Structures are given as structure tokens and as C-alpha cells.
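>>> Would you be able to build a 3D model of this:
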Amino acid sequence: MSPAVVTDATVLIYLGKLGELDRLDSRFDRILVPAAVYEEVVTRGHEERYSDALSVEQASESFLAVRSLEDDTKQRAERIRASAQLGRGESEAIALALAENARCLTDDHAARTTAESLGAEVGGTIFVLLESLDSGTIGFEEYVSLLDDLTDNGFRMSASLYRRAVEAGRELQG
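Just a heads-up that it's a prediction; the model follows:
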């Protein structure tokens, strides 16, 4: 297992759409979700009747740890939000990842760039799937099928990113 991760909304939403949220539980010791992200995915998701809201809510009762930010971390999140013009969820995810010395899971390009510039390790939905492939909990064909399912569920991935993701998976297979 890998150490703690902090996830933003996109990773939860897409893994939820794929029915693959348990990939987080099987690969990481602690999965932290800022309260703003939970509100965005579950509370607003229920209001909008998104099916993935229920799966994320159920995962939060099992292995996702929803966290309210401490004052100093909340202030850092506000500074990140103002300077990088990110949403509340992304800013809280970055600030919490920094506070917990955890990897920040986000698919948002601006959030990834900001997190990296502040010294946080980053990953995203594809990273989680690669980790599952690397651990042997899925095979290469299932990995590629999940990449295809991601795009079928609205995940924006350029052709070059898709090729790089497939190649990274092949390299893991040796």
C-alpha cells in the first residue's frame, strides 16, 4: 500500500462512474477528502441526482475520511484559491495534501500545476488505475478497458494522453 492521498472531486466522480472507487481503498493507506469536495460531489450530486454521488457517500462511510480543514490549512487554501484562481475543492485538496504530506489526486490541469509548484506530489484518475495495474489487481486489458470507459463517461483525454497512458501500462507489464 502507498501512503495517504487527498482527492478532489474529479477523481471521486470518475472512479464512481466506473464503479471503481474501491481502487483507492486497495492502493492507499488513507484517503482524505476535504469537506468542500464532499459537499461538491455528494451534497450537490444528490441534488442533481448524479448516480456517482451515492457511491461516493457509501465509500465515505467505509474508507474515505472526510476532513474539515484546520484554521491554518483553511487560510492556506484561501491563499491558493485567490492566487491560482482555483475552485474551493481543488484549493482545499492541495492545502490538505501539503498539510498531511500526502499525494494530491486531481485531474484538473491548473490544480496539478499549482500543487506541483507548491511541492506536492500529484496523480489523478489514470494514476490510480496505473497503481492498480502495477499491483496486479487488474490486468492490462482491463486497464485499457477502464481507460476507454473513462472517455465514454466524459473524461477529457487527448489522443496523446491516451497513448501515453496505454504505453505506461505496457511498460508496467514488462
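>>> Just say helix, strand or coil for residue 86.
coil (DSSP: H, G, I helix; E, B strand; the rest coil).
>>> residues of whatever helix or strand residue 73 lives in that come out buried?
Secondary structure assignment for residue 73, by DSSP states H and E: helix 71-84. Residues of helix 71-84 classed as buried: 73-74, 76-77, 80-81, 84 (neighbour count, 16 or more other Cβ atoms under 10 Å). In this view, the C-beta of every residue, glycine as well, is placed from N, C-alpha and C.
>>> what packs against it?
helix 88-100, helix 109-117 (3 or more Cβ pairs under 8 Å, 6 or more residues apart in numbering; DSSP states H and E).
>>> Can you pull out the residues in contact with the first one?
By that I understand helix 88-100. Identification of contacts with helix 88-100 by Cβ atoms under 8 Å, 6 or more residues apart in numbering yields 4-9, 32, 34-37, 40, 67, 69-70, 72-74, 76-78, 80-81, 84, 86, 102-106, 108, 110-111, 114-115, 118-120.
>>> I'd like to know which of those residues are buried.
The neighbour count (16+ other Cβ under 10 Å) marks 4-9, 32, 34-37, 40, 67, 69, 73-74, 76-77, 80-81, 84, 86, 102-106, 108, 111, 114-115, 120 as buried among these.
>>> hmm, back to that, list just the nearest of the buried residues of helix 71-84 to residue 20.
residue 77 (27.6 Å; Cβ to Cβ).
>>> I'd like to know how far that closest one sits from residue 164.
31 Å (Cβ to Cβ, to the nearest Å).
>>> need the strands for this protein, in chain order.
Secondary structure of the chain (DSSP state E): strands located at 5-7, 31-34, 64-67, 103-105, 122-123.
>>> quick one: strands adjacent to the shortest one?
In its sheet, strand 122-123 lies beside strand 103-105 (parallel), with partners assigned from DSSP bridges.
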